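Novice: Fold the stuff below for me.
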Amino acid sequence: MNELTKKFAFYGAILMALAVGFGAFGAHGLKNIVTKEMLVIYHTGVEYQFYHALGLFCVAFVANFTDSKQVKIAGYSMLIGILIFCGSLYAIAFTGIKILGAITPIGGVAFIFAWVLLALAIKKI
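Specialist: Sure, this is the predicted structure:
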């Protein structure tokens, strides 16, 4: 297993574990603390964290077949997307400061960019 594969598989596993924990916390600990609207926002963050943590496993898998710079950038774009997209949704849910939603699309663009780069890298294999 090459280093890039190990790195993104590791990040994916850690972020999946955190997503499970965040999801459980949202289901059991937050329902009496935040409004239903904020809980929906929080769960959207958890959902996208799950999807893109799994996406990091896709990056790790593809990294086994190529050392393309596109794969590496795709992985880091997914990480950035999780931090910005999911992180901003978590922050909104906890603080109620909806203006933080202005940065959420930056994370969404990072997700799209990551998936497109990954597709292009796969096409070159």
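Novice: Against residue 124, how distant is the residue nearest the centre of the chain?
Specialist: The centroid of the chain falls nearest to residue 82 when counting by CA atoms, centre = their mean (3.1 Å). Residue 82 sits 25 Å away from residue 124, going by CB to CB, to the nearest Å. C-beta: built from backbone N, CA, C; applies to glycine.
Novice: what's the closest non-adjacent residue to the residue nearest to the centre of the chain?
Specialist: residue 52 (5.2 Å; CB to CB, 6 or more residues apart in numbering).
Novice: swap in residue 23?
Specialist: Per CB to CB, 6+ apart, closest to residue 23 is residue 46, 4.7 Å.
Novice: Can you name the residues that contact that neighbour?
Specialist: Residue 46 makes contact with 19, 22-23, 26, 86 under the criterion CB atoms under 8 Å, 6 or more residues apart in numbering.
Novice: change it to 7 Å
Specialist: 19, 22-23, 26 (CB atoms under 7 Å, 6 or more residues apart in numbering).
Novice: again, but for residue 5
Specialist: 60, 63-64.
Novice: can you pull out the helices in the chain?
Specialist: Ranges of helices in the chain, per DSSP state H, are 3-28, 36-63, 69-81, 87-95, 104-124.
Novice: tell me the most buried of these?
Specialist: Highest mean neighbour count of the helices of the chain: helix 69-81, a mean of 21 (counted as mean count of other CB atoms under 10 Å).
Novice: which other helices and strands contact it?
Specialist: Packing partners of helix 69-81 (3 or more CB pairs under 7 Å, 6 or more residues apart in numbering; DSSP states H and E): helix 3-28, helix 36-63, helix 104-124.
Novice: got TSV for the contacts of residue 5, with pLDDT too?
Specialist: Below are these laid out as TSV (pLDDT from 0 to 100):
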residue	pLDDT
60	98
63	97
64	95
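Novice: For residue 9, state which of those residues is nearest.
Specialist: Ranked by distance to residue 9 (CB to CB), these are led by residue 60 at 3.9 Å.
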